[in-house]
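A.B. asks: coords below, sequence missing:
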């Protein structure tokens, strides 16, 4: 005897809520704790990284019971995609006009360095292409946000995400301290330094710390550059959607199974682009965009907490130093390339 549709849906809901709730709640509690700790820590250490490491420590000390597992997986995959959709509401394509060709010139070189040299370095260190490109994206675009945006597109493993986050975070901490000192030593102007920090430092919070550590004017300009740099997420996720589609089609071809062409742009990337366009045309009120950005950030922190709960520190140790070395090499090259590009603009009178 068939079960009526409404009764079947009721049964699913009754089963779903208690099944997923414990894991979701655990990740949300860790995220809230990470936000609180962030307020106590020096500027530049983001809640995303804190949540990731708290989750990893919990997993290492005592792996969460099976009752949490479905909720943890749901949070690390589904909630992360929801966060990416909301992130689009905070991206305004017209922002690129505020900073202009000055920052774009430098960013072309830094992005080419990250993904071009990053590919070669990843091959040399025998890293899988997903981990290698996540590290490159985190270094070249905007740290954790870029890693979080690209990871579900290429169906990256939680371990790959954790390695990429860790690699970019460690170098970020060094740059927060070193950049203001180097800026003074090199005698850089506020504009030149702000451009350098905005294009070479990874995470937004780290850019703020490094920028304002030099001067208020440099900090303001660094943040504007960072906002422009964040827009690189849009073409990057589209490119990686194409790469993943190609990989999937190759695998499906080998198994003689069909692959839908529509899968080249996952639904959440399509919605992400819709949100970005709506905001760019002023169709999302400023107050609503700000609220959605806060919600997106917390969802992202919660998702990273769940990723941490699925990754142990022992797994990280077994992975060796290769991912960290990859992050160090690419980050150092980006710092040098950005500085040389800025010096080129100064010599041509474009920048003072």
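C.D. replies: Ah, there it is. Since we're looking at a predicted model, the values are computed, not measured.
A.B. asks: How far off centre is the helix or strand that residue 102 is a member of?
C.D. replies: Residue 102 belongs to helix 101-112 when assigned by DSSP states H and E. Put simply, helix 101-112 sits 19 Å off its chain's centre (CA atoms, centre = their mean, to the nearest Å).
A.B. asks: what's the answer for stretch 80-88, then?
C.D. replies: Counting by CA atoms, centre = their mean, stretch 80-88 comes out at 11 Å from the chain centroid.
A.B. asks: what do you get for stretch 21-38?
C.D. replies: Computed by CA atoms, centre = their mean, the chain-centroid distance of stretch 21-38 equals 19 Å.
A.B. asks: which other residues reach that stretch?
C.D. replies: Defining contact as CB atoms under 8 Å, 6 or more residues apart in numbering, one finds that stretch 21-38 is touched by 45-48, 50-51, 54-55, 58, 64, 67-76, 79, 298, 301-306, 308-309. To be clear about C-beta, it is placed using only N, CA and C from the backbone, and glycine gets the same treatment.
A.B. asks: Can you tell me which of the residues you listed end up in helices?
C.D. replies: Taking DSSP state H as the definition of helices, the contacts of stretch 21-38 contribute 47-48, 50-51, 54-55, 58, 67-74, 298, 301-306, 308-309.
A.B. asks: In which helix or strand does residue 349 reside?
C.D. replies: Going by DSSP H and E, residue 349 is not in any helix or strand.
A.B. asks: that older thread, please indicate which of the ones in helices among the contacts of stretch 21-38 are buried?
C.D. replies: Neighbour counting with 16 or more other CB atoms under 10 Å marks 47-48, 50-51, 54-55, 58, 68-74, 298, 301-306, 308-309 as buried within the ones in helices among the contacts of stretch 21-38.
A.B. asks: residues touching residue 333, list them.
C.D. replies: Residue 333 is in contact with 113, 117, counting by CB under 8 Å, 6+ apart.
A.B. asks: mean confidence score for the strand or helix carrying it?
C.D. replies: Element membership for residue 333, per DSSP H and E: helix 322-347. Mean pLDDT, computed over helix 322-347, is 88.
A.B. asks: three-state assignment of the nearest residue to residue 138 once chain neighbours are set aside?
C.D. replies: Spatially, and ignoring its direct neighbours in sequence, residue 138 is nearest to residue 168 (3.9 Å; CB to CB, 6 or more residues apart in numbering). Secondary structure, DSSP: H, G, I helix; E, B strand; the rest coil: residue 168 is helix.
A.B. asks: Now do residue 168 against residue 56, distance only.
C.D. replies: Separation of residue 168 from residue 56 (CB to CB, to the nearest Å): 16 Å.
A.B. asks: Residue 232 now?
C.D. replies: 28 Å.
A.B. asks: Looking at the two, which one has more neighbours?
C.D. replies: Shown here are residue 232 and residue 56; by other CB atoms under 10 Å, residue 56 has more neighbours (23 against 18).
A.B. asks: residue contacts, the closest residue to the more buried one other than its chain neighbours?
C.D. replies: Residue nearest to residue 56 in three dimensions, not counting chain neighbours: residue 308, with 4.3 Å by CB to CB, 6+ apart. Counting by CB under 8 Å, 6+ apart, residue 308 touches 30, 51, 52, 53, 54, 55, 56, 57, 58, 59, 162.
A.B. asks: Need the max-distance pair from those.
C.D. replies: With CB to CB as the measure, no two of these lie farther apart than 30 and 162, at 14.2 Å.
A.B. asks: can you give me the helices for the stretch 151-300 of the chain?
C.D. replies: 158-185, 190-200, 204-212, 216-230, 233-255, 267-280, 286-309 (DSSP state H, counting those that start in this stretch).
A.B. asks: quick one: low-confidence parts of the stretch 1-150 of the chain?
C.D. replies: Scanning the stretch 1-150 of the chain for pLDDT under 70 picks out 1-17, 42-45, 93-101.
A.B. asks: what about the residue nearest to residue 138, how many residues close to it?
C.D. replies: Using other CB under 10 Å: residue 168 sits among 28 other residues.
A.B. asks: Please work out how many residues are found near residue 59.
C.D. replies: 19.
A.B. asks: Offset the numbering so it begins at 471, please.
C.D. replies: Got it, the first residue is 471 from now on, which makes the last one we talked about residue 529.
A.B. asks: Can you give me every residue that contacts the residue lying closest to it once chain neighbours are set aside?
C.D. replies: Once flanking residues are discounted, residue 529 sits nearest to residue 782: 4.7 Å by CB to CB, 6+ apart. By CB under 8 Å, 6+ apart, the residues touching residue 782 are 526, 529, 530, 533.
A.B. asks: Okay, now the unreliable bits of the stretch 721-822 of the chain?
C.D. replies: Along the stretch 721-822 of the chain, the model assigns pLDDT under 70 to residues 721-736, 739, 784-790, 820, 822.
A.B. asks: Same question for the helix holding residue 803: list its buried residues.
C.D. replies: Of the residues in helix 792-817, 792-794, 796-801, 803-805, 807-809, 811-812, 815 count as buried by neighbour count, 16+ other CB under 10 Å.
A.B. asks: Understood, closing this out.
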